[in-house]
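Asks: Sequence and predicted structure, then a few things I'm wondering about:
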Amino acid sequence: MSRKSKLQHQFINELKKECKFGESKHKAKQEARNEAAKNHEKFKQVKGIYSHRCFNDYKKSINTYVNWVCKNHSEVKNMEQARRYIPEYVDELRDKGLSEWTVHSYAYALRSAYHCEIGEMGVELKTRSRADVIRNRDAQDSALRNDERYEKVVTLAKATGARRMELLRLRREDFRERTDCNGNKTGEMEVFKRGKNGIERWCLVDPQYNDFIRELIATAPTYSFSGEDRLLRKADLPNKLPIHDCRSDYACSLYDYYMEHGKATGEIYSCRKDLKGIHYDKGVLAAVSWDLQHSRDSIVIDYLWKGRE
């Protein structure tokens with residue numbers, strides 16, 4: 001086994017010790033918040049890897065670091081020897097012009113492998129700014145997004161605000177007409193999202209796409225997968241398709257819709273830091289947050305900011 005292979009093997013074995021597949025991260029965070037409140041302590045982020053996607057992302061980041069170590073420090077034979085070069089590696093990432101968001105993702109992967117805090121690796125992470133985001137930049141001009149071959153899936157993503165894996169899980173029966181408390185149709189449509197951390201709920205379809213959704217579920221072919229008839233295949237959803245930006249479009253459209261349809265409470269959320277001076281209605285934020293399957297207003301604001309910039 002080569003030196004690089006041995007290092008990769010050591011890192012991945014340590015990373016696996018952090019895995020908590022099948023457990024609910026959402027539940028773990030709630031329990032941690034309750035415990036912190038009970039003890040009058042500051043809430044600390046929950047550690048652990050709860051999804052296969054996160055594990056695979058961390059694995060890629062680890063392999064990138066191993067490749068860098070083997071190329072630049074031939075004396076390194078094991079993980080402990082590799083640890084001393086993490087600050088140098090992080091500095092080089094910044095020198096390459098990578099965003100602080102990307103630097104954070106690499107650092108957290110290494111933190112998980114070493115089972116420690118960021119500061120214990122000799123690294124100081126800078127505050128991440130929304131203006132610093134590089135990933136999916138200028139998605140409106142994305143060639144894939146405007147490619148006619150992906151028009152259906154892009155429209156479906158903007159209509160539902162679904163994440164990539166949620167889109168791949170969609171079936172015809174996951175759409176229905178919304179009814180009021182008396183069983184009368186409202187003219188709106190709903191989509192059942194089977195999301196991450198086991199969160200499943202009926203969410204509003206962006207009303208401007210109701211006709212598209214009705215036609216889709218009436219005419220679109222389905223594909224058998226895991227005993228289900230689904231609307232999309234993996235081939236329909238290229239990895240570089242900017243689904244995150246479709247979710248931003250969805251969030252912005254729903255915010256405007258809810259402002260006009262009785263969700264506004266008049267209670268104002270005032271942004272801070274780089275968004276200081278921007279204000280949102282808390283009631284509308286809560287409604288959009290529900291449909292995005294998020295629990296924090298700050299995350300919804302990220303989507304709203306990105307969709308309107």
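Replies: Looks like it arrived, so ask away. Numbers count the residues shown, from 1 in each chain.
Asks: in this protein, which strand has the most residues?
Replies: Scanning the chain for the strand with the most residues, using DSSP state E, yields strand 185-194.
Asks: Give the next helix or strand downstream of that one.
Replies: strand 200-204 (DSSP states H and E).
Asks: Off-centre distance for that next one?
Replies: In terms of Cα atoms, centre = their mean, to the nearest Å, the centre of strand 200-204 is found 17 Å from the chain centre.
Asks: Equivalent analysis for stretch 285-304, please.
Replies: Per Cα atoms, centre = their mean, the centroid offset for stretch 285-304 relative to its chain is 12 Å.
Asks: next one: stretch 274-281
Replies: 22 Å.
Asks: Return the set of buried residues in that stretch.
Replies: Buried positions in stretch 274-281, judged by neighbour count with 16 or more other Cβ atoms under 10 Å: 275, 280, 281. From N, CA and C alone the C-beta is placed, and that goes for glycine too.
Asks: Okay, and which of the residues you listed map to strands?
Replies: By the criterion of DSSP E, membership of the buried residues of stretch 274-281 in strands covers 280, 281.
Asks: can you put the buried residues of stretch 274-281 in CSV and add pLDDT and distance to residue 99?
Replies: Putting the buried residues of stretch 274-281 into CSV (pLDDT from 0 to 100; distance: Cβ to Cβ, whole Å) gives the following:
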residue, pLDDT, distance to residue 99
275, 73, 17
280, 89, 25
281, 90, 30
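Asks: Parallel or antiparallel, list what pairs with the longest strand of the chain.
Replies: Strand pairing for strand 185-194, using DSSP bridges, gives strand 175-179 (antiparallel), strand 200-204 (antiparallel).
Asks: Take those and lay them out in JSON lines including distance to residue 86, mean neighbour count and mean pLDDT.
Replies: Below are these laid out as JSON lines (distance: least, Cβ to Cβ, whole Å; neighbours: other Cβ atoms under 10 Å; pLDDT from 0 to 100):
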{"stretch": "strand 175-179", "distance to residue 86": "47", "mean neighbour count": "15", "mean pLDDT": "95"}
{"stretch": "strand 200-204", "distance to residue 86": "39", "mean neighbour count": "16", "mean pLDDT": "95"}
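Asks: Which of the ones you listed sits closest to residue 60?
Replies: strand 200-204 (28.2 Å; Cβ to Cβ).
Asks: Tell me which helix or strand comes right after that closest one.
Replies: Following strand 200-204 in sequence, per DSSP H and E, is helix 210-219.
Asks: next helix or strand past that following helix?
Replies: With DSSP H and E, the next secondary element past helix 210-219 is strand 223-225.
Asks: And the helix or strand that that next one is followed by, what's buried?
Replies: Toward the C-terminal end, the helix or strand that comes next after strand 223-225 (DSSP H and E) is strand 228-230. Residues of strand 228-230 classed as buried: residue 230 (neighbour count, 16+ other Cβ under 10 Å).
Asks: Run through who's touching strand 228-230.
Replies: For strand 228-230, the external contacting residues (Cβ atoms under 8 Å, 6 or more residues apart in numbering) are 168, 169, 170, 171, 172, 222, 223, 224.
Asks: per-domain residue ranges of the chain.
Replies: 3-128, 139-308 (automatic domain parsing).
Asks: how long is stretch 163-182 end to end?
Replies: Taking Cα to Cα, to the nearest Å, the first and last residues of stretch 163-182 lie 32 Å apart.
Asks: Now do the buried residues in the host helix or strand of residue 248.
Replies: Taking DSSP H and E as the criterion, residue 248 maps to helix 243-260. Neighbour-count burial for helix 243-260, with 16+ other Cβ under 10 Å as criterion, is recorded at 243-255, 257-258.
Asks: Can you show me the helices along this protein?
Replies: For the chain, the helices defined by DSSP state H occupy 3-16, 25-38, 52-72, 79-83, 86-95, 100-114, 151-160, 164-168, 210-219, 243-260, 282-292, 297-308.
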